[in-house]
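Colleague: Got a sequence here, can you model it:
(2 chains)
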Amino acid sequence: MINFGALGEMLPSILDGFWLTLRLLAYSAVIATVLGTLLATMRVSPIAVLRGFGTSYVNIFRNTPLVVLFIIIVTGGPQVVGRTEFTTLATVALSLYTAAFVCEGLRSGVNTVPTGQAEAARSIGMGFTQTLTIVVLPQAFRAVIPPLASVYIALAKNTSVAAAFGVAELTYRMRSLNEQFPQEAVTRFSGIVLFYVIIVAVISGIAQILERRLAVSR
Amino acid sequence: MRYAKTKALLAGALLVSLAACGGGGGGSTVKVDVNKDAKFPSGSTMAKLQDAGKIKIGVKIDQPGIGFKDAGSDVPEGFDIEMGRIVAAGMGLSDDQIEWVTTISDNREPFLQKGTVDIVIASYSITDERRQIVGQAGPYYVTGQQLLVAADDDSIKGPDDLDGKKVCSVTGSTSIETVEKEYGANPAGFDSYSECVTQLQNGNVDAVTTDGAILLGYAAQDPDNLKVVGDPFSEERYGVGYKKGDTEFCQYITDTIQKAMDDGKWADAFKATLGKSGVDTPEPPKMDPCE
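Modeller: Numbers count the residues shown, from 1 in each chain, chains lettered A, B, ... in the order given. From the prediction side, this is the model:
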């Protein structure tokens, strides 16, 4: 079924796409993590305005279909800020979307840390920021590794939406190779899937290692 | 009382949609002779379609002049649509017995292989690769790849100026492959040509590329901001896609279109659709024999 000769011919094109997919994934993952952590902090903070902002953000971006978000940003973005690279626009869309999920993942982690921990930190004179960064978040991160890994795996697959929005990433390559190799559909799909599987395997692997390293008995 | 508002809204929506239908209905078309007396050998695809009283034709709906459906209109219009009507009429099938199925560049082969559609008339260029997996009768029209750019852009005059430029076309189309591989353009793929045209109007891509016929349609819609430049740099021969191996059906399609070319229906169809952008009606192309 799989024609390895054809696969070899497709490889340069597939690798081009793979590289772009990796870049989309890396940039979006970093931005989404930073933004998501900020949002999670807002949602557990004692200040009502910040909590409100965090909650609204999550409600808006988690409930907007990714494709709709892409259409708004890729079509509307250039009208507001002028000419922009499609990779940048796609990164913005993916980051804004994924940040909502990172935020909720982290918040669930924060909720797993017993209240006593925060109370103890406060009682020895730590402020909100210290309590969060020194006591609560490190424990929370430990609890959120499995759900966060799922969020990043979802992000890796979501990068494929960019194929229809001007970015020549892996899925774009799969579709464009149809032109040269229309009779090699199975080979083409397998080649592309292989690379997505590699990405997902790496993310799961990292998650497992982290889980083992950070595991503590409570 | 509780639902009064909802009812009012519904009534309003209904009025709007009715109005839209009224506006869109005035579209095509060329008069075709529905050949009710056509006889075909039993077991042939033509006989089956005739018995079923229905044909499913895959067409595009986002290419002005070729295959295009207005928002609010039920029936697509364009040169491809006219060809479809001619092919159906030869089997005695009238307009209301045609089911128009929306296809995009990506799903034309699977639709033919699975039988989702009986034929594809969707600006479907004949290529050797495609002919290995589907049948393609024709060509019924020959065009070539050109470039659509902003009206005030003088930096792009032809494909040789595309090196490093951002060029938009439909993901998976021949055109976008050609400008990337042969002219070093930076490909930007979208799902439809209309999205590409929006990106060009936004100034976010430098050019849109595909067959000249399609681009002329867009340029005609917004002549102040868009223009088609350069000579065609490829030859695209539009064919009618059918299930591979059905030579009898291919012969029927070729003969029917040949007849339309000879009796002037082909030229009428062109004038009513692509010809509206001001181009002269070309000589009908010579069609390939069926294998």
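
Colleague: Just confirm yes or no for the lengthiest helix in chain A near chain B.
Modeller: As assigned by DSSP state H, the longest helix anywhere in chain A is helix A:4-44. No. Contact between helix A:4-44 and chain B, assessed by C-beta under 8 Å from any C-beta of the partner chain, is absent, since the two come no nearer than 9.6 Å. C-beta here means a position set from N, CA and C on the backbone, and glycine is covered the same way.

Colleague: tell me which strands and helices that helix is in contact with?
Modeller: For helix A:4-44, the packing partners by 3 or more C-beta pairs under 8 Å, 6 or more residues apart in numbering or on different chains; DSSP states H and E come out as helix A:48-63, helix A:86-112, helix A:137-158, helix A:170-180, helix A:185-214.

Colleague: so which of those helices gets nearest residue B:226?
Modeller: Ranking the helices and strands packed on helix A:4-44 by proximity to residue B:226 (C-beta to C-beta) places helix A:86-112 first, at 20.2 Å.

Colleague: Now the element after that closest one, going C-ward?
Modeller: Once helix A:86-112 ends, the next helix or strand along the chain (criterion: DSSP states H and E) is helix A:115-123.

Colleague: Please work out which residues outside the helix or strand just after that following helix touch it.
Modeller: Moving toward the C-terminus from helix A:115-123, the next helix or strand (DSSP H and E) is helix A:128-130. Surrounding helix A:128-130, the residues in contact under the criterion C-beta atoms under 8 Å, 6 or more residues apart in numbering or on different chains are A:45, A:46, A:121.

Colleague: Just to be sure, the second one is in a strand?
Modeller: So that's residue A:46. No. Read with DSSP: H, G, I helix; E, B strand; the rest coil, residue A:46 is coil and lies in no strand.

Colleague: Run through the residues that contact it.
Modeller: If a contact means C-beta under 8 Å, 6+ apart, then residue A:46 has residue A:128 as its contacts.

Colleague: now the last one
Modeller: By C-beta under 8 Å, 6+ apart, residue A:121 lies in contact with A:130, A:131, A:134, A:135, A:136.

Colleague: The third one: neighbouring residues, count only.
Modeller: Burial of residue A:134, expressed as a neighbour count using other C-beta atoms under 10 Å in any protein chain shown, amounts to 11.

Colleague: Equivalent analysis for the last one, please.
Modeller: Here the count is done by other C-beta under 10 Å, and residue A:136 has 20 residues near it.

Colleague: Same question for the second one.
Modeller: The burial metric for residue A:131, expressed as a neighbour count using other C-beta under 10 Å, is 18.

Colleague: Turn the contacts of residue A:121 into TSV, including distance to residue B:179.
Modeller: Supplementary listing: the contacts of residue A:121 in TSV, determined by distance: C-beta to C-beta, whole Å:
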residue	distance to residue B:179
A:130	57
A:131	57
A:134	56
A:135	57
A:136	54
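
Colleague: Looking at those residues, which one is closest to chain B?
Modeller: residue A:136 (43.5 Å; C-beta to the nearest C-beta).

Colleague: So which residues of the stretch 51-200 of chain B form strands?
Modeller: Along the stretch 51-200 of chain B, the stretches classed as strands by DSSP state E, counting those that start in this stretch are B:55-59, B:62-63, B:67-68, B:98-102, B:119-120, B:135-143, B:145-150, B:166-170, B:186-190.

Colleague: ranking those strands by mean pLDDT, which is last?
Modeller: Set side by side, the strands of the stretch 51-200 of chain B show their lowest mean pLDDT on strand B:62-63, which sits at a mean of 84.

Colleague: other SSEs contacting that one?
Modeller: Contacts defined by 3+ C-beta pairs under 8 Å, 6+ apart place strand B:62-63 against helix B:193-201.

Colleague: Just confirm yes or no for the helix it packs on near chain A.
Modeller: Yes. Using C-beta under 8 Å from any C-beta as the criterion, contacts between helix B:193-201 and chain A involve B:195, B:198, B:199.

Colleague: which of the residues you listed lies closest to chain A?
Modeller: The nearest member of the residues of helix B:193-201 next to chain A to chain A, counting by C-beta to the nearest C-beta, is residue B:198 at 6.2 Å.

Colleague: Which residue, other than its chain neighbours, is closest to that closest one?
Modeller: Take residue B:198 and drop its neighbours on the chain: the residue closest to it by C-beta to C-beta, 6 or more residues apart in numbering or on different chains is residue A:75, 6.2 Å away.

Colleague: hmm, back to that, what angle do the longest helix of chain A and helix A:48-63 make?
Modeller: Helix A:4-44 runs at 160 degrees relative to helix A:48-63, counting by axes from the mean of the first three to the mean of the last three C-alpha atoms, to 10 degrees.

Colleague: Near chain A, which residues of the stretch 151-291 of chain B are found?
Modeller: That would be B:168, B:171-174, B:176-177, B:187-191, B:195, B:198-199, B:202-205, which are the residues of the stretch 151-291 of chain B within reach of chain A (C-beta under 8 Å from any C-beta).
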